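Peer 1: Got a predicted structure here, sequence first:
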Amino acid sequence: MTTAATRALTRLLEGNERFASGRASSDAMESRARRAELVAGQAPFAIVLGCSDSRVPAELVFDQGLGDLFVIRVAGNIVAPSQVGSVEFAAERFRTRLVMVLGHSQCGAILATLEALGRTEGAPSRGLSSIVDRIRPSVEGLLRSGQPMDFETLVHEAVRANVRVAVDQLRHGSESLERLIADDGLLVVGAEYFLESGRVHLFDGLGTP
């Protein structure tokens, strides 16, 4: 069954394929007519909670234009109360029915968390600690698993574990979002963007493992 959420997801992934293959629209973000049209209001088709990393601008990665995406960016794509509130706002106000939490390879916030866990003295600044402390449980869980993995694999798995935690928080940590998921077709998915290829891989949502 095709829903607004699955149509939105298809649109995102098709846009990413254009971006990754070098076929992205050259004027998606520059249309004067579109800019004028949006003065009266907006109706973004997807909400993207992504990382602040300068290499992962959601509109470019998904080849979308002005007014298409409601983007929330924070280092490590963490979910704090302000991010939950932002998702609630867009889902309720604009009836946007797809939320994607987008992590990415070589995430600096993940690397900072690993560094903090390995540090014997000194601590990150208070602001950075507020991010590291939200990522820490995901990383510690991997370290406690005892599974042998090299550093590159550890970073990759930590990125995905952190996205899964964020997805779970959005699915189950907000009464508003829970209601929209249960009754009104809201879909929350998790994905990873690979800096090396430019491609986004969905790994949490719609029956993915």
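Peer 2: Done, it's in. Residues are numbered from 1 along each chain as shown.

Peer 1: Any buried residues in the longest helix anywhere in the chain, and which?
Peer 2: Longest helix in the chain by number of residues (criterion: DSSP state H): helix 151-172. Within helix 151-172, the residues scored as buried using 16 or more other Cβ atoms under 10 Å are 154-167, 169-171. (Glycine included, C-beta is placed from N, CA and C.)

Peer 1: how near is E59 to E92?
Peer 2: 22 Å (Cβ to Cβ, to the nearest Å).

Peer 1: Ignore what I typed, I meant A46.
Peer 2: Counting by Cβ to Cβ, the gap from A46 to E92 is 15 Å.

Peer 1: The two - which one has more neighbours?
Peer 2: Per other Cβ atoms under 10 Å, whichever of A46 and E92 has more neighbours is A46, with 26 against 15.

Peer 1: Quick one: residues contacting the more buried one.
Peer 2: A8, L9, R11, L12, F62, D68, L69, F70, T96, L98, V99, M100 (Cβ atoms under 8 Å, 6 or more residues apart in numbering).

Peer 1: quick one: it from G108, how far?
Peer 2: 24 Å.

Peer 1: Now do the SS call for the spatially closest residue to Q83 that is not a sequence neighbour.
Peer 2: Closest residue to Q83 apart from its sequence neighbours, by Cβ to Cβ, 6 or more residues apart in numbering: I72 at 5.6 Å. Classification of I72 using DSSP: H, G, I helix; E, B strand; the rest coil returns strand.

Peer 1: returning to what we had before: please narrow the contacts of A46 to those residing in helices.
Peer 2: Counting by DSSP H, those contribute A8, L9, R11, L12 to helices.

Peer 1: Give the burial count for the closest residue to E88 other than its chain neighbours, as a bare number.
Peer 2: Among residues not flanking E88 along the chain, S176 sits closest, at 4.8 Å (Cβ to Cβ, 6+ apart). With neighbours defined by other Cβ under 10 Å, the count for S176 comes to 15.

Peer 1: Alright, calling it a day.
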